[in-house]
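Asks: here you go, sequence then predicted model.
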Amino acid sequence: MKKLYGVIGDPIGHSMSPDMHNDAFQSLSMDAHYHAFQIEKKDLEAAVLGMKAIGISGFNVTVPHKTAIMPLLDEVDPLAQAIGAVNTVVLDNGRFIGYNTDGEGFLAGLEVEYDGNVLDKRILLLGAGGSARAIYYTLSQKGAMHIDIGNRTLEKAEELKKRCPYPVKTSLLTLDEAAEKLADYDIIIQTTSIGMSPNVEAMPISLDNLHPDAFVADIIYNPIETAFMKEAKARGAKSQNGAKMLSFQGALAFEKWTGILPEPSRMETIIYNKLGGIKC
């Protein structure tokens, strides 16, 4: 019997997950299908009950349900609980268990291209929203030594630091302060929406003080190369967009459902094809 997987969200038509996962099932000759389900907020509880009733083997969760779904699950992984968001649900012996693969996906994608041990480097995290929280908590859990947070409002950065249950050395900076100290960092991680289409010329901070040996990661993948990445490259730094994070978080979710890790590079190629671009 064909196994069913999916993703829930609202809206959901833009999701690349069906293309990524159905291609993985096909390439691995697995009798399974992945479907996108548009679920409104008011229908979330009924949807979760319905998915368990039909025996769906696992599903992804995207906006606006990542937090709201947590009390509706039978169990939530400690890291996802700390992050306060679930993006992957696994059916295990009739129980729905929630995980968050966003931070782990980012780290795995970064390690593919970064020459050295990420965790012992000086890291600057720009932003303090949901993606920043997933990355900050995951890197801290894995043993990162130093992660500073630069954000427009220090109150939000302070909350992010205060709620992190894992030990990590962190200083809080305004965006102007982060720009001034930029040469101190080995890795800069841009997690805000600044530079996302259609405002493609915007940048969160100036890169005038960027060290040419630094590595700049921008989790935006549309456009494929943000103004922030272009400027980093022009200053001699290596850079990476959000396609790596998107493909690896999907691959890790697939592994949690099936026990098999598909090729993240294959998923990444699908992302680029959907965006009509080439890998940069």
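Replies: Okay, I see it. Quick caveat: nothing in here was measured; it's all calculated off a predicted structure. Residues are numbered from 1 along each chain as shown.

Asks: where does the prediction get shaky in the chain?
Replies: Residues of the chain meeting the criterion pLDDT under 70: 277-280.

Asks: mind jotting down where the strands sit in it?
Replies: Assignment of strands within the chain using DSSP state E yields the ranges 3-9, 32-38, 58-61, 75-76, 88-92, 95-99, 122-126, 146-150, 172-173, 187-190, 215-218, 238-240.

Asks: would you turn those strands into a markdown table with mean neighbour count and distance to L275?
Replies: No exception for glycine: its C-beta is placed from N, CA and C like everyone else's. As requested, the strands of the chain are exported to a markdown table (neighbours: other Cβ atoms under 10 Å; distance: least, Cβ to Cβ, whole Å):
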| stretch | mean neighbour count | distance to L275 |
| --- | --- | --- |
| strand 3-9 | 21 | 18 |
| strand 32-38 | 17 | 18 |
| strand 58-61 | 26 | 19 |
| strand 75-76 | 18 | 32 |
| strand 88-92 | 22 | 23 |
| strand 95-99 | 20 | 26 |
| strand 122-126 | 24 | 23 |
| strand 146-150 | 23 | 28 |
| strand 172-173 | 20 | 32 |
| strand 187-190 | 26 | 18 |
| strand 215-218 | 26 | 14 |
| strand 238-240 | 20 | 15 |
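
Asks: nearest to E263, out of the ones you listed?
Replies: strand 32-38 (16.0 Å; Cβ to Cβ).

Asks: report the angle between the closest one and strand 3-9.
Replies: 20 degrees (axes from the mean of the first three to the mean of the last three Cα atoms, to 10 degrees).

Asks: ok so, going back, quick one, which of the strands of the chain is nearest to A82?
Replies: Judging these by Cβ to Cβ, what sits closest to A82 is strand 75-76, at 9.7 Å.

Asks: now for A227: which residues touch it?
Replies: G195, V200, E201, A202, M203 (Cβ atoms under 8 Å, 6 or more residues apart in numbering).

Asks: got it, and G116?
Replies: So G116 contacts D186 (Cβ under 8 Å, 6+ apart).
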